[in-house]
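Engineer: Sequence and predicted structure below; questions after.
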Amino acid sequence: MYTVTREIDFCYGHRLINHPGKCRHLHGHNGKAEIVLFSQKLNSQSMVRDFEEIKSLVESWIDTELDHKMILCKTDPLIPALKALGERCLIIDEHPTAEVLSKMIYDYCKTQNLPIYEVGLWENERSRASYREQSKQ
């Protein structure tokens with residue numbers, strides 16, 4: 001099996017309500033998404049997919065949907081105040097952990113018919129979460 005990986009840098013803020021540590025406070029990350037595609041054979045250009053194609057499909061979506069947004073769980077009581085201040089917010093059903101965000105990106109890649117193997121999300125230089133479907137081992 002062949003794989004290719006494209007890294008996409010973006011910034012986002014979040015907080016994890018009811019977290020016992022400092023992550024319960026609003027804070028931000030300089031994140032990096034790792035988009036890993038796979039194929040059993042190479043295309044006519046001897047590639048899994050062109051890196052520019054991954055960039056144009058996925059990076060533009062991340063820039064629009066995630067970059068420089070405060071990502072919050074729909075139950076967060078700060079949402080009305082942040083919206084009243086005009087802050088860019090993305091409201092989701094779950095706690096906005098790196099695991100949840102990696103699955104969001106993975107699911108988007110599937111909608112674009114990319115042969116997605118795994119999405120990793122680095123919150124910082126030392127902390128990475130990832131998502132892949134169980135059948136892709």
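Structural biologist: Okay, I see it.
Engineer: where do the helices sit along this protein?
Structural biologist: 51-54, 60-65, 79-84, 98-111 (DSSP state H).
Engineer: In the lowest-mean-pLDDT helix or strand in the chain, which residues are buried?
Structural biologist: Least confident element among the helices and strands of the chain, by mean pLDDT, DSSP states H and E: helix 51-54 (a mean of 94). For helix 51-54, a neighbour-count test (16 or more other CB atoms under 10 Å) marks residue 54 as buried. Where C-beta positions appear, they are placed from N, C-alpha and C, glycine not excepted.
Engineer: cool, stretch 122-137 as well?
Structural biologist: Those would be 122-123, 129-132, for stretch 122-137 by 16+ other CB under 10 Å.
Engineer: can you tell me which of those residues lies nearest to residue 44?
Structural biologist: residue 132 (26.8 Å; CB to CB).
Engineer: Report the separation between the closest one and residue 96.
Structural biologist: Residue 132 sits 20 Å away from residue 96, going by CB to CB, to the nearest Å.
Engineer: got it, and residue 8?
Structural biologist: 17 Å.
Engineer: returning to that earlier point: list of residues touching the least confident helix or strand of the chain?
Structural biologist: 4, 6, 35, 37, 114 (CB atoms under 8 Å, 6 or more residues apart in numbering).
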